[in-house]
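**Student:** Just a sequence and a predicted model for now, questions to come.
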Amino acid sequence: MRTQVCIVGGGPSGLLLSQLLDRAGIDSVVLERRSREHVLSRIRAGVLEWGSVELLQAAGVGERMQREGYVHEGVTLAGGADSFRIDFRDLTGKAVMVYGQTEVTHDLYAARDAAGGIVIDRAEDVAIHDADGTSPHVTFTKGGRTSRVDCDFVAGCDGYHGVSRQTIPRDRRQVFEKVYPFGWLGILSETPPVSDELIYAASDRGFALCSMRRKDLSRYYIQVPLSDRPEDWSDAAFWDELRRRIPPDAAARLVTGPSIEKSIAPLRSFVSEPMRWGRLFLVGDAAHIVPPTGAKGLNLAFSDVHYLYQGLRAHYHDHDDTALDQYASKALARVWKAERFSWSMTMLLHRFPDQSPFDRRVQAAELDYLASSRAARTSLAENYVGLPF
Ligand code: APR
Ligand code: PHB
């Protein structure tokens with residue numbers, strides 16, 4: 001089989017790239033290791049920057065998001081009983097869209113199907129060959145048969161555990177990593193959200209986040225030690241702990257119910273450089289991970305997709321490789337700003353096991369500074385709604 005761009009990984013990055021390329025008349029084939037049902041059942045974060053919203057609209061997949069998503073014009077930050085609002089609209093003129101990544105992925109699969117796009121799922125043993133040469137190709141097996149895709153470029157959209165990053169020789173890669181000593185225990189519950197907007201709460205007992213998917217579907221998280229397992233937490237224990245960590249007025253309003261999903265995600269910051277190796281381009285989680293505190297993971301993946309799409313379009317339409325050659329540096333410049341923001345939100349809002357009384361006072365002072373300074377809130381807001389692409 002021959003295509004222009006072989007896309008490894010059928011998560012949101014790979015699908016959005018193939019959708020944008022298709023609309024520009026550029027062929028691609030997507031190879032996904034898992035089954036489509038598996039990909040579509042993964043529950044991930046749910047906050048889209050406005051740039052991500054516009055990119056999905058430009059890709060022709062914004063219709064259901066527009067109808068069913070929720071525009072949020074601010075968030076609440078709480079430190080114990082004190083809380084204050086960050087007003088995105090007032091501070092930046094922008095807002096974010098609350099619409100689950102699971103729904104985004106559904107919409108992208110539907111769009112690829114409608115356009116007759118090739119997405120091969122259950123593709124095993126995907127291997128990328130001659131990425132730094134002139135005839136890149138990708139091999140995989142499916143149902144015991146090995147196939148080969150010849151292409152001009154490979155887009156490595158296969159997430160943190162994928163093969164794309166590993167294809168770049170170890171001595172040519174530099175990895176930057178920070179592992180945080182806790183995880184987030186998250187639950188999804190068919191209850192009305194405690195608030196119309198998200199609440200990020202830094203309590204003495206640890207961080208908590210109140211988020212939502214719909215008017216009748218809530219998403220909540222609490223910081224837990226890495227040694228905890230989801231089965232250690234009954235629903236009742238989760239609700240009790242959440243109530244203790246969020247502001248009293250929210251705790252009094254909280255409606256509880258059975259969890260329909262419960263899982264623990266560790267927190268890490270990770271960047272692998274470079275994001276290009278010959279004709280292989282890394283996109284999204286394949287090259288970088290952020291802790292979820294700033295809601296940046298999916299958005300960062302989408303800004304990579306944007307840069308790569310611009311580069312490939314200029315290559316095929318205008319025979320101009322300037323944008324493609326700038327892909328890695330442009331993407332990384334934005335990645336590091338989002339890494340910084342996600343790290344700073346994580347450091348501000350969590351309890352760390354080895355924290356000294358000095359560290360705690362500094363956290364409290366930073367929250368107080370945000371509460372009292374418009375300049376500080378503007379800085380947080382412009383990062384939260386997303387820096388320009
Ligand atoms: N071959 C083919 N596909 C693979 C391989 C492989 N060897 N390894 C992994 N994949 C697939 C995974 O099964 C997954 O469907 O690649 C896809 C990668 O998807 P994600 O991990 O969701 O990564 P990405 O598309 O970059 O999405 C952005 O940012 O912070 C996160 O939650 C956010 O998942 C979102 C991500
Ligand atoms: C979510 O709704 O899952 C969510 C929201 C905001 C975050 C992280 C996760 O910062």
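**Tutor:** Thanks, I have the structure now. Numbering: from 1, shown residues only. Ligands and ions are numbered 1, 2, ... in the order given.
**Student:** residues contacting Met28?
**Tutor:** I think there's a mix-up here, since residue 28 is Ser and not Met. Counting by CB atoms under 8 Å, 6 or more residues apart in numbering, Ser28 touches 3-7, 17-18, 21-22, 117-118, 155. To be clear about C-beta, it is placed using only N, CA and C from the backbone, and glycine gets the same treatment.
**Student:** typo on my end, Gly284
**Tutor:** Applying CB under 8 Å, 6+ apart, the residues near Gly284 are 9, 11-13, 157, 159, 300-301, 304-305.
**Student:** quick one: pLDDT of Ser379?
**Tutor:** Ser379 is assigned a predicted lDDT (pLDDT) of 98.
**Student:** count of neighbours near it?
**Tutor:** Neighbourhood size, Ser379 [other CB atoms under 10 Å]: 15.
**Student:** which SS state does it fall under?
**Tutor:** helix (DSSP: H, G, I helix; E, B strand; the rest coil).
**Student:** can you pull the contacts of the residue in the stretch 101-250 of the chain that ligand 2 sits nearest to?
**Tutor:** Residue nearest to ligand 2 within the stretch 101-250 of the chain: Ser211 (3.2 Å; CB to the nearest ligand atom). By CB under 8 Å, 6+ apart, the residues touching Ser211 are 46-47, 98, 193, 198, 218-221.
**Student:** for Asp204, what are its contacts?
**Tutor:** 80, 351.
**Student:** how much space between it and ligand 1?
**Tutor:** 29 Å (CB to the nearest ligand atom, to the nearest Å).
**Student:** From Leu108, how far out is that residue?
**Tutor:** 41 Å (CB to CB, to the nearest Å).
**Student:** Repeat that for Cys157.
**Tutor:** From Cys157 over to Leu108 (counting by CB to CB), the distance is 12 Å.
**Student:** of the two, who's got more company?
**Tutor:** Cys157 (33 against 25).
**Student:** Surely that one is in contact with Phe281?
**Tutor:** No: assessed by CB atoms under 8 Å, Cys157 is found out of contact with Phe281, at 9.1 Å.
**Student:** pLDDT below threshold where in the stretch 51-200 of the chain?
**Tutor:** Within the stretch 51-200 of the chain, no range satisfies pLDDT under 70.
**Student:** got the residue ranges for the helices in it?
**Tutor:** Under the criterion DSSP state H, counting those that start in this stretch, the stretch 51-200 of the chain contains helices at 63-68, 88-92, 101-114, 164-167.
**Student:** okay, these, which one's buried deepest?
**Tutor:** helix 164-167 (a mean of 21; mean count of other CB atoms under 10 Å).
**Student:** who are the neighbours of it, in terms of helices and strands?
**Tutor:** Contacts defined by 3 or more CB pairs under 8 Å, 6 or more residues apart in numbering; DSSP states H and E place helix 164-167 against strand 153-156, strand 280-282.
**Student:** Point out the residues in the stretch 51-200 of the chain that sit beside ligand 1.
**Tutor:** Proximity of the stretch 51-200 of the chain to ligand 1, by CB under 6 Å from any ligand atom, involves residues 101, 123, 126, 157-159, 161-163.
**Student:** Out of those, name the ones that lie in strands.
**Tutor:** Using DSSP state E, the subset of these located in strands is Val126.
**Student:** Drop anything exposed from the residues of the stretch 51-200 of the chain next to ligand 1.
**Tutor:** 101, 123, 126, 157-159, 162-163 (16 or more other CB atoms under 10 Å).
**Student:** Also near ligand 2: which of these, exactly?
**Tutor:** Counting by CB under 6 Å from any ligand atom, no member of these is near ligand 2.
**Student:** okay, the residues you listed in CSV with distance to Val138 next?
**Tutor:** What follows is those, written out as CSV (distance: CB to CB, whole Å):
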residue, distance to Val138
Gln101, 25
Ala123, 9
Val126, 6
Cys157, 12
Asp158, 11
Gly159, 16
Gly162, 12
Val163, 9
